[in-house]
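Engineer: okay, structure incoming, though there's no sequence with it:
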């Protein structure tokens, strides 16, 4: 690790609005059509490797021309026939394109992670890549310009603190889940989707080199290049007076290896085209000038052969904010020497000075330019010929086509998490008790944590039945603001963008139309639908009395509450509803949150309706990061709570779930702690293990909803079959120690999908507050495994070991009492997380496997057969009683 240096606190001069404006200006500039290359240009021979061609092109360049390729908005090389190019295209959840054609916009990445569906992520990424390449082909056909062949996404930082404003851009808090999703993203965007329908997790993908072949294209051309960002340990915008531009992330070496770096390694080994270094420093050295990160780890350790781009403004921050160097020229030289190849936005002017001052050599400059040229050859900038590059045939007509919009709706449906599903509302208008509970513990039973008697006596609130309703009132600032559904980093949507209100209108109108002329014989009646915003996202003036009055006249009140990631204050008239709103960001880039509560006076709308009406109350959360909605969870007047995240163009999935056309199947990819968690740990503290702990792997305090929580309208049961793996005598990370089959059975309810999550723990949860009795049958291991484990003399494990580790997930669709098998491999790397001192060798002793509420024990014995003592039950606190065990 490089030594620490003093850092300066500062307020950055750039704002997000300025960056966005500059991006738009750059995106529209410098797209002059190319002139013809000089005769006999050897790099035009497509039979050669990309590196051979790039070296030939490099040899024809002047120093000035080389420097002109080091900004994210490059100079045109008319003399050599290469147009200018802007590397920045946003592709986080759809191409951020501002043309009239737009692009398909999927749920924000945190919502995509909630699907726990890697094959779906692969399909979505392939669509994003298809649409990016279609736009690139259209631009080139129009005027020879280059556009949208490189994506500055995905954001694969770990969502370690719920206050971080950019958490919705990530795949959540777990390194295994994030790695799985990034593998699918890289593969889909760069090379296209596979035809496999398997729900199995791709745990270790084959590595593709810079010049190697790729699935679907033996010549290795990229449909669009992917940039994994932000390398590394970036997860705050501002804390304790220091912004991300000058923050020093002081990270424990083991946390780096087990939490902050695994997703980046997975990204690199999948063959990603580029990596973006982050604004912050890591243990004293700015990331973009960090030789340990960029050279030792990225290039030497992981054999990364692509290019490294700085985050936008990070080159200047090396000297201006981190005070790591004495001038911009020195900072740029440090970045180039460490392995940064491209500056967003500026690199050229500083390196020009670096070169003049002898701070960098011509060889170091050439190495960076060569990597950039190889990338441009891979992206097809020199080969718009269908006989050479098959991606150039993707037509503009694929953008926003019906199948793509249908996939956005499917993704939104699978991302929706049913947090609570209590009994239908009691008929007392004065009932505002907070004695009810439920929803904790991660059960897949749709009862929402009811007691056994209550669960037998009352139907759950959801799904709603239109045949039983006369009038529905829709309330809340997120009900009819369609743009807020897009989160951030989006462009114009291709096709229809509906708000939740408009989606509900469409659903109810179809119901009413089907009843026309059929009357009572149809078994239903027409349903009225009313909109009442009630409050803005932030600020005061909530119309509590008016909302309560409207709910009194309704069978159901559906509240759409949450947050906004729109970073500029705007007042705009809605297409429906006729009200003005101001929508400032409450989370997002440059916008960390200070608490986890619903902003403004939104909660008061529900509280008023709960106290003054008999209506069934359903709350749909539209948001990015976790929210403390404990009042809603505890109130027996709130029947159900859903989180729809920021669903993009998938708003129609919300009524699909509310009215039972689709059973909810999402699970939380991030822990929802109580709000007081923010008082117990600093946002600037990067440590994972010390109390109160971070993420589901290390958290040691009660939480509102745990990682992986998600209810269903169906009930499932689980049982285990566990066999020794083939590699238990080996300690390599990928060595398979256990082969685990989770038999999943549909017990009752409608046809549904279930995301089966497999966890490994060293300790059982505490037996308290009426939890199940861990009987002798459960405490008997299903398997004694002899393996190359590390003796654990005390049987206690080591300080700082995880509470649990996610080792796999698998989606399965079941109905009518049928069963299916979710198969997993548990590796030495999975179990090594419980080892001492970062040795990576799994400790001997007892492990528990858990799938939802089913547990199984495995005893791992050393090769000499000496048993280790068993650990006692964990003393960790628990919020609510554990669910009853599912029959198996």
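Structural biologist: Perfect, thanks for sending it. Everything numeric here is computed off the predicted structure, so don't read it as measured data.
Engineer: hey, which helix or strand in this structure has the poorest pLDDT?
Structural biologist: Each helix and strand of the chain was given a mean pLDDT (mean pLDDT, DSSP states H and E); the minimum falls on strand 571-573 at a mean of 35.
Engineer: adjacent strands (with direction) for the longest strand belonging to the chain?
Structural biologist: The strand of greatest length in the chain, counted in residues with DSSP state E as the criterion, is given as strand 736-748. Each strand that strand 736-748 pairs with, and the sense of that pairing, follows from DSSP bridges: strand 715-724 (antiparallel), strand 819-827 (antiparallel).
Engineer: roughly how far out does that strand sit from the chain middle?
Structural biologist: Computed by CA atoms, centre = their mean, to the nearest Å, the chain-centroid distance of strand 736-748 equals 26 Å.
Engineer: now stretch 667-681
Structural biologist: When distances are taken as CA atoms, centre = their mean, stretch 667-681 is centred 17 Å away from the chain's centroid.
Engineer: now do that stretch, average pLDDT.
Structural biologist: In this model, stretch 667-681 has an average pLDDT of 97.
Engineer: one more: stretch 717-734?
Structural biologist: Per-residue pLDDT values over stretch 717-734 give a mean of 95.
Engineer: before we move on, the earlier item: tell me the angle whichever helix or strand comes after the longest strand of the chain makes with strand 736-748.
Structural biologist: Following the chain from strand 736-748 toward its C-terminal end, the next helix or strand by DSSP states H and E is strand 752-761. For strand 752-761 against strand 736-748, the angle between stretch directions is 140 degrees (axes from the mean of the first three to the mean of the last three CA atoms, to 10 degrees).
Engineer: name every strand pairing with strand 752-761 and say which way it goes.
Structural biologist: strand 805-814 (antiparallel), strand 845-851 (antiparallel).
Engineer: quick one: the helix of greatest length in the chain to chain centroid distance?
Structural biologist: Among all segments of the chain classified by DSSP state H, the helix with the greatest residue count is helix 118-143. On the basis of CA atoms, centre = their mean, helix 118-143 is displaced by 20 Å from the centre of the chain it belongs to.
Engineer: quick one: that helix to strand 805-814, angle?
Structural biologist: Using the same axes, to 10 degrees, helix 118-143 lies at 90 degrees relative to strand 805-814.
Engineer: which neighbouring elements make contact with the following helix or strand past helix 118-143?
Structural biologist: Counting by DSSP H and E, the next helix or strand C-terminal to helix 118-143 is strand 150-151. Under the contact definition 3 or more CB pairs under 8 Å, 6 or more residues apart in numbering; DSSP states H and E, strand 150-151 sits against strand 225-231. Where C-beta positions appear, they are placed from N, C-alpha and C, glycine not excepted.
Engineer: show the subsequent helix or strand relative to the strand it packs on.
Structural biologist: strand 238-239.
Engineer: strand partners of that next one, parallel vs antiparallel please.
Structural biologist: The sheet places strand 238-239 alongside strand 242-243 (antiparallel), with pairing taken from DSSP bridges.
Engineer: any weak-confidence spans in the stretch 51-200 of the chain?
Structural biologist: Counting by pLDDT under 70, the ranges of the stretch 51-200 of the chain that qualify are 193-200.
Engineer: and the residue nearest the centre of this protein?
Structural biologist: Here the mean C-alpha position of the chain is nearest to the C-alpha of residue 171 (CA atoms, centre = their mean), at a distance of 1.9 Å.
Engineer: so that residue touches residue 184, yeah?
Structural biologist: No. With the criterion set as CB atoms under 8 Å, residue 171 and residue 184 do not qualify as a contacting pair; they are 9.9 Å apart.
Engineer: re the thing from before, in TSV, list the strands paired with strand 736-748 along with distance to residue 704.
Structural biologist: What follows is these, written out as TSV (distance: least, CB to CB, whole Å):
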stretch	distance to residue 704
strand 715-724	23
strand 819-827	27
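Engineer: closest to residue 113 out of these?
Structural biologist: Within those, the stretch nearest residue 113 is strand 819-827; the backing value is 18.3 Å (CB to CB).
Engineer: contacts for the closest one, please.
Structural biologist: Residues external to strand 819-827 that are found in contact with it (CB atoms under 8 Å, 6 or more residues apart in numbering): 199-201, 203, 725, 733-746, 756, 758, 760, 807-808, 810, 812-814, 849, 851.
Engineer: what does residue 294 show for phi and psi?
Structural biologist: phi -80, psi -30 (degrees, to the nearest 10).
Engineer: what's around it, how many residues?
Structural biologist: Taking other CB atoms under 10 Å as the criterion, the count of residues near residue 294 is 25.
Engineer: for it, which non-adjacent residue is spatially closest?
Structural biologist: By the measure of CB to CB, 6 or more residues apart in numbering, the closest residue to residue 294 outside its immediate chain neighbours is residue 339, 3.5 Å from it.
Engineer: which residues of the stretch 601-750 of the chain fall in strands?
Structural biologist: Taking DSSP state E, counting those that start in this stretch, the strands of the stretch 601-750 of the chain run over residues 616-622, 638-643, 672-673, 703-705, 715-724, 736-748.
Engineer: can you list the strands that the third one pairs with?
Structural biologist: In the sheet containing strand 672-673, its partner strands are strand 703-705 (antiparallel), by DSSP bridges.
Engineer: now do the strand it pairs with, average pLDDT.
Structural biologist: 98.
Engineer: hmm, back to that, I'd like to know how far the residue nearest to the centre of the chain sits from residue 158.
Structural biologist: For residue 171, the distance to residue 158 under the criterion CB to CB, to the nearest Å works out to 9 Å.
Engineer: next one: residue 496
Structural biologist: Taking CB to CB as the criterion, residue 496 is separated from residue 158 by 35 Å.
Engineer: who's more crowded, those two?
Structural biologist: Neighbour totals were compared for residue 496 and residue 158, and residue 158 leads with 29 against 14 (other CB under 10 Å).
Engineer: from residue 191, how far off is that one?
Structural biologist: According to CB to CB, residue 158 and residue 191 sit 26 Å apart.
Engineer: burial count for residue 180?
Structural biologist: As a burial measure, residue 180 scores 26 neighbours (other CB under 10 Å).
Engineer: which SS class is it?
Structural biologist: Reducing the assignment to helix, strand or coil with DSSP: H, G, I helix; E, B strand; the rest coil, the entry for residue 180 is helix.
Engineer: pretty sure it is touching residue 118, no?
Structural biologist: Yes. When contacts are counted by CB under 8 Å, residue 180 is listed as touching residue 118 (5.2 Å).
Engineer: for the chain, which spans come out with low pLDDT?
Structural biologist: 1-38, 193-219, 425-457, 517-524, 567-583, 765-778, 793-798, 837-839, 865-888.
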